[in-house]
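In: can you look at this prediction? I've put the sequence above it.
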Amino acid sequence: MRATLQGLQGVPGIGHHEGMRLISDAERRARIGQRHAIAPGLRATGPEAATRAMTVLHSTEPATVHLSLFARVDGLTHDDVDRALHTDRTLVKQLAMRRTLFVFPRDLLPAAWGSASARVADTEGRRVAQDIERAGVAADGVAWLDEARSAVLALLGETPTGRTALELREAIAHIDVKIDVTAGSTWGAGRVLTHLGATGDLVRGVNTLHWRLSRPRWTRMEDWLDVVPPRLEAREGYAELVRRWLATFGPGAVEDVQWWLGGTKAAVRQALVDLDAVEVALEEGGAGWVLPDDIDEVSAAEPWAALLPVLDPTVMGWKHRGFYLGSHGPALFDRNGNAGTTAWWDGRVVGCWVQDADGVVEVRLLEDCAREARQALDVEAARLTEWLEGRRVSTVYPSPAMKEQR
């Protein structure tokens with residue numbers, strides 16, 4: 001059954017239609033094991049392959065990139081990640097869906113620039129302009145932002161290797177402002193850089209700190225990439241992002257895609273039509289969507305264990321998470337919807353992980369697990385402990401389960 005724009009109008013309440021392919025929760029979990037490169041024996045060959053498997057990686061916290069890749073690539077080193085991000089530049093950081101910073105495969109950037117990132121840039125630009133006017137910095141906030149952007153780009157044109165936010169603020173008086181937006185909330189030059197990043201004019205380049213902290217040299221995209229490819233039009237860009245999402249996370253409901261994309265339901269529906277997406281029934285009720293060549297049943301791999309970091313893309317891939325979270329959502333997500341660390345057994349989240357004072361990784365289970373599961377999780381904990389070499393990874397997004405004392 002192929003999607004039609006008319007047929008998509010009633011998606012939220014659709015049931016298990018006769019003859020529609022049913023994809024069970026068990027099969028959805030099997031798809032995670034087969035496609036997310038986290039099951040031992042099915043891991044990726046390198047950072048690029050692992051990122052492509054997940055469409056994009058969350059990069060709100062810099063450590064997440066390294067930890068998400070470690071979970072998916074055997075023998076990964078920090079030099080491997082640095083090569084992909086800063087030397088070969090096959091992976092590029094880009095502000096996009098839901099005003100979130102992601103690591104993109106380089107070839108996917110044009111799709112984001114014309115769609116999800118453009119949407120974020122438009123919203124962010126209007127907010128900056130309004131805040132500038134409200135604070136009395138300038139009567140015309142749009143003109144102020146245009147001048148600020150031009151000043152930053154001009155200075156960085158003289159410095160192809162980039163500059164940190166502090167260096168830019170010290171060099172450009174125009175952006176050296178601090179504005180109280182709400183009680184306890186202020187912003188300054190960083191908002192201008194954020195907007196330039198959303199529009200694809202700047203990129204967070206070489207990190208001047210270690211892998212667990214971020215202080216990038218902001219660099220012009222044209223200096224960062226050998227060739228800056230043309231951005232796709234919005235409709236084409238959304239279709240490509242949704243295509244990649246379906247390949248990684250499908251099946252998913254329209255609400256899942258819309259949440260992940262940070263776009264409108266109309267944009268998602270149009271993308272599903274453009275992709276000839278196929279409607280399937282989900283065990284939880286309602287309809288899901290898969291690519292037209294992804295109808296065949298996916299068999300489960302051998303039972304597998306994984307330890308994933310804060311905001312890992314597997315955990316954050318869907319809005320409706322019951323098929324892999326069960327009742328553990330409140331324990332593993334903070335009040336703003338940010339996922340903490342997670343411990344997985346055979347496609348289900350069964351707990352989280354933390355580090356003790358010496359940096360040793362400890363698994364905290366939220367349910368009783370068979371001996372086989374506990375042993376496999378202990379193997380993953382030992383593997384991660386060895387890789388971290390005593391370094392403790394902090395986060396501003398600890399889940400309630402992570403905070404609990406044993």
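Out: Done, it's in. Numbers count the residues shown, from 1 in each chain.

In: hey, let's count contacts and neighbours off CA atoms from now on
Out: Will do.

In: least confident secondary structure element in the protein?
Out: Every helix and strand in the chain was compared by mean pLDDT, DSSP states H and E; the lowest is strand 185-187, with a mean of 70.

In: centre-most residue in this structure?
Out: The centroid of the chain falls nearest to residue 58 when counting by Cα atoms, centre = their mean (3.1 Å).

In: right, and residue 342 touches residue 351 too?
Out: Yes: counting by Cα atoms under 8 Å, residue 342 touches residue 351, with 5.8 Å between them.

In: show me which of those two is the more surrounded one.
Out: For residue 342 versus residue 351, the count of surrounding residues by other Cα atoms under 10 Å is larger for residue 342: 29 against 23.

In: who touches the closest residue to the more buried one other than its chain neighbours in this structure?
Out: Spatial nearest neighbour of residue 342, chain neighbours left out: residue 352 (4.0 Å); criterion: Cα to Cα, 6 or more residues apart in numbering. The contact partners of residue 352, by Cα atoms under 8 Å, 6 or more residues apart in numbering, come to 307, 332, 340-343, 363-366, 401-402.

In: out of those residues, who's nearest residue 29?
Out: Nearest to residue 29 among the contacts of residue 352 is residue 343, at 14.3 Å by Cα to Cα.

In: my reading is that the closest one is in a helix; is that accurate?
Out: No: secondary structure of residue 343 (DSSP: H, G, I helix; E, B strand; the rest coil): strand, not part of a helix.

In: ends of stretch 280-290, what's the gap?
Out: End-to-end distance for stretch 280-290, by Cα to Cα, to the nearest Å: 7 Å.

In: what comes up buried for it?
Out: 280-283, 286-290 (16 or more other Cα atoms under 10 Å).

In: thinking again about what came up before, between residue 342 and residue 351, which contacts overlap?
Out: residue 332.

In: mean confidence for stretch 255-264?
Out: Averaged over stretch 255-264, pLDDT sits at 96.

In: cool, and stretch 346-353?
Out: Rounded mean pLDDT across stretch 346-353 is 97.

In: and that stretch, how far out from the chain middle?
Out: Counting by Cα atoms, centre = their mean, to the nearest Å, stretch 346-353 is centred 19 Å from the centre of its parent chain.

In: now do stretch 230-241
Out: 18 Å.

In: list the contacts of residue 320.
Out: Contacts of residue 320 by Cα under 8 Å, 6+ apart are residue 256.

In: just to check, the residue nearest to the centre of the chain is in contact with residue 99?
Out: No: using Cα under 8 Å, residue 58 is not in contact with residue 99; the gap is 11.4 Å.

In: re the thing from before, in strands only, show me the contacts of residue 352.
Out: 307, 342-343, 363-365 (DSSP state E).

In: which of the residues you listed are buried?
Out: So, by 16+ other Cα under 10 Å, the buried ones in the ones in strands among the contacts of residue 352 are 307, 342-343, 363-365.

In: export those residues to CSV and tack on pLDDT?
Out: Below are these laid out as CSV (pLDDT from 0 to 100):
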residue, pLDDT
307, 98
342, 98
343, 98
363, 97
364, 97
365, 97
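
In: out of these, which is nearest to residue 129?
Out: residue 342 (39.4 Å).

In: next up, the contacts around the closest one.
Out: Counting by Cα under 8 Å, 6+ apart, residue 342 has contacts 307-310, 315, 332, 349-353.

In: cool, and residue 176?
Out: 169-170, 188-189.

In: in a strand, that's where the residue nearest to residue 342 is, yeah?
Out: Yes: the assignment for residue 352 is a strand, going by three-state DSSP.

In: relative to residue 73, how far out is it?
Out: 20 Å.

In: count the residues that sit near residue 127.
Out: 15.

In: quick one: what helix or strand has it in it?
Out: Element membership for residue 127, per DSSP states H and E: helix 116-134.

In: closest to residue 68 out of the ones in strands among the contacts of residue 352?
Out: Relative to residue 68, and with distances defined as Cα to Cα, the nearest of the ones in strands among the contacts of residue 352 is residue 307, at 9.1 Å.

In: beta partners for the closest one?
Out: residue 343 (DSSP bridges).
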